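Asker: make a model of this:
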Amino acid sequence: MQAFIDHARTFRHRAARDADAFGRLAAGQSPQALFITCSDSRIIPSVVTGARPGDLFEMRTAGNIVPPYRPPVPSAEAATIEYAVEVLRVAHIVVCGHSHCGAVGAVVRGEDLTAVPAVRDWLSDGTSLTPDGEPGHDLAVPVQRHVLDQLDRLRTHPSVARRVDQGLLGLHGWFYEVHTGAVLSHRPGTDAFLPL
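Answerer: Sure thing, here's the model as predicted:
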């Protein structure tokens, strides 16, 4: 923790070297994309994309789960999506899953999550994946299916559906390999995840 504190204490000196860029940020934000990914500490959207402050509006959830739109039940996720689309007018939404995903792994392996009931309930409500009984299984295919499921859930949000229908919003499914740094993108024409 001390390294984080030390960095935070001196950050303003580094920011002062790029005063024009930080001054523009103070005037408001206009990110290019909403980037939805897992809460996993190994996934840092700005590192993967090279984004600078102000480029990405981020939403992080366990297992990069996008709850379906459920009025009138408020949720932080629905509010984040709506704000990004209606107020910030992002042109793209990326749902990025990743290799070695603990959330997807727990579901497909059928792990006992009774000790973490909030996690259990979040995952059971958040994915259509089911256990397959293979304890050592490669998670790439289930994670990629899960990403596509989350893109379908995004389309249940009225603001997303409307902007997609108007041709003003692109939806993208990505798969990040933690162990190689490779990023694969879903290509609807071939229904495959291929390197960017």
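Asker: every contact and neighbour count from this point should use C-alpha atoms.
Answerer: Fine.
Asker: show me where this structure has its strands.
Answerer: With strands called from DSSP state E, the chain shows them at 33-38, 56-61, 92-98, 170-176, 183-187, 192-195.
Asker: give me the nearest residue to residue 155, chain neighbours excluded.
Answerer: residue 161 (5.1 Å; CA to CA, 6 or more residues apart in numbering).
Asker: one more: residue 150?
Answerer: Once flanking residues are discounted, residue 150 sits nearest to residue 66: 5.6 Å by CA to CA, 6+ apart.
Asker: which residues does that neighbour contact?
Answerer: Residues near residue 66 by CA atoms under 8 Å, 6 or more residues apart in numbering: 77, 126, 150-151, 153-154.
Asker: likewise residue 156?
Answerer: Going by CA under 8 Å, 6+ apart, the list of residues near residue 156 reads 68-69.
Asker: number the chain from 46, please
Answerer: Sure, I'll start numbering at 46, so the last one becomes residue 201.
Asker: so it versus residue 209, what's the distance?
Answerer: According to CA to CA, to the nearest Å, residue 201 and residue 209 sit 11 Å apart.
Asker: my read: residue 214 touches residue 138, true?
Answerer: Yes - using CA atoms under 8 Å, residue 214 is in contact with residue 138, at 7.4 Å.
Asker: what about these two, which has more around it?
Answerer: Using other CA atoms under 10 Å, the more surrounded residue of residue 214 and residue 138 is residue 138, with 25 against 20.
Asker: and the pLDDT for the more buried one?
Answerer: We have a pLDDT of 98 for residue 138.
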